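A.B. asks: Predicted model, plus sequence, below.
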Amino acid sequence: MRRGESLYNLSIFPKGSLIGPLVIAGITLEDDRSNSLEKIGVKDSKLLTSNQRERIEPHIKKISKNYAYSILSPEDIDKAVRMGKKLNFLEAKTMADLISKLKPDIVYVDAVGQIAERFAFNICRNYKMDIKIIAEHKADTKYPTVSAASILAKVKRDEIISELRTRYGNFGSGYPSDQKTKKFIREWIKKFGKAPPFARKSWATIRKFEYRELSDFESSNSS
C-alpha cells in the first residue's frame, strides 16, 4: 500500500447525451500534489471552455502518478438496459474496474443516483476488497482532484465526438436538449429506418422518434 496515494474517479457523462459514449476517467496522485492542480487552473470541467480543458489536460497527466479511462459505448449501455440493469450499476462496476487497475488507497468519486452512500456500496460490492470510498454528489465542484478527472473524461469524450462528426456530419452537442442533435436523429431515422449506431437507442427520446417515424410511415401507406 502506497502511503498517501489516492484515486479520484469521476463519471462525467452519466446520463445526459443521446450520441456518443459514456467516459469515466480516474487519476492517482500523492496527496501533497493536489495543490498543484489548483495552480494550473483545475476546476469543475463545466466551468471551463474546451480550449481551457485541452490546455490543462497534459499538465494534469504530468502531475498525476497514473491515469486511466473506461469508455462505455452506446451499444454497451443499450445491452445493459436490455438486461434490466440500471445505468448507475453499470457505472459502479466500471468504476470498480478502474480501481482494480489503478490500485489506490482511498477513492473520491462523484456519486450518481439519489443516495451517494448506496453508490459507494455498489462500487465496493463490485470491487470485492476493503477500500475507503468517499462518494459525494457534485464532488467535481468540491475536490480539485475529482475536477481533474472530469477534465480528462471531458477531453477524451470531446475527441471521440469530433471523430464522429468528421465521419457523419455535424450533429451538434449530442445532448437531447440540442435542437440540432434532435434534428440529426430524426433525419437519420427517416432515411435509414432506425437510430444511428453511435447513438443510445435505449433512450426515450430516440424511441419516441422511431415510434413517430413508424406511425407516419403506416399512416402514409394506409391513406
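C.D. replies: That came in fine, so what should we check first?

A.B. asks: from memory W203 sits against L22, does it?
C.D. replies: No - the criterion here is CB atoms under 8 Å, and W203 misses it with L22 at 12.0 Å. Quick note: C-beta positions are derived from backbone N, CA and C, even for glycine.

A.B. asks: Now for those two: what residues contact both?
C.D. replies: Contact criterion CB atoms under 8 Å, 6 or more residues apart in numbering; residues shared by W203 and L22: none found.

A.B. asks: neighbour-wise, which of these two wins?
C.D. replies: Between W203 and L22, counted using other CB atoms under 10 Å, the more crowded position is L22 (25 against 21).

A.B. asks: Centre of the chain to the helix or strand harbouring D76, how far?
C.D. replies: In the assignment (DSSP states H and E), D76 maps to helix 74-82. Remark: helix 74-82 is offset 14 Å from the chain centroid, using CA atoms, centre = their mean, to the nearest Å.

A.B. asks: same thing with stretch 160-172?
C.D. replies: 17 Å.

A.B. asks: That one - what's its average pLDDT?
C.D. replies: Averaging pLDDT along stretch 160-172 gives 95.

A.B. asks: List the buried residues of it.
C.D. replies: Buried residues in stretch 160-172, counted by 16 or more other CB atoms under 10 Å: I161, L164, F171, G172.

A.B. asks: Would you check that the second one makes contact with L18?
C.D. replies: What that stands for is L164. No - applying CB under 8 Å as the test, L164 and L18 come out as separate, 12.0 Å apart.

A.B. asks: for whichever strand in the chain runs longest, packing partners?
C.D. replies: Looking across the chain with DSSP state E, the single longest strand is strand 22-30. When contacts are defined as 3 or more CB pairs under 8 Å, 6 or more residues apart in numbering; DSSP states H and E, strand 22-30 packs onto strand 5-11, strand 66-72, helix 87-102, helix 144-168.

A.B. asks: Of these, flag the one that's most buried.
C.D. replies: Comparing the helices and strands packed on strand 22-30 by mean neighbour count (mean count of other CB atoms under 10 Å), strand 5-11 ranks first with a mean of 27.

A.B. asks: ok, which pair from the buried residues of stretch 160-172 is furthest apart?
C.D. replies: L164 and G172 (11.4 Å; CB to CB).

A.B. asks: still on that earlier bit, got the angle for the helix holding D76 vs helix 87-102?
C.D. replies: Relative orientation of helix 74-82 versus helix 87-102 (axes from the mean of the first three to the mean of the last three CA atoms, to 10 degrees): 120 degrees.

A.B. asks: so where's this structure shaky on pLDDT?
C.D. replies: Low-confidence segments of the chain (pLDDT under 70): 1-16, 213-223.

A.B. asks: Just the C-alpha atoms of stretch 204-214, please, in PDB.
C.D. replies: Extracted in PDB, the C-alpha atoms of stretch 204-214 (Å, rounded to 0.1, in the frame of the first residue of the first chain):
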ATOM      1  CA  ALA A 204     -36.700   7.600 -24.500                       C
ATOM      2  CA  THR A 205     -36.100  10.400 -26.900                       C
ATOM      3  CA  ILE A 206     -34.800   8.100 -29.700                       C
ATOM      4  CA  ARG A 207     -37.600   5.600 -29.100                       C
ATOM      5  CA  LYS A 208     -40.100   8.400 -29.400                       C
ATOM      6  CA  PHE A 209     -38.500   9.500 -32.800                       C
ATOM      7  CA  GLU A 210     -38.600   5.900 -34.100                       C
ATOM      8  CA  TYR A 211     -42.200   5.400 -33.000                       C
ATOM      9  CA  ARG A 212     -43.200   8.700 -34.600                       C
ATOM     10  CA  GLU A 213     -41.500   7.800 -37.900                       C
ATOM     11  CA  LEU A 214     -43.100   4.400 -37.900                       C
END
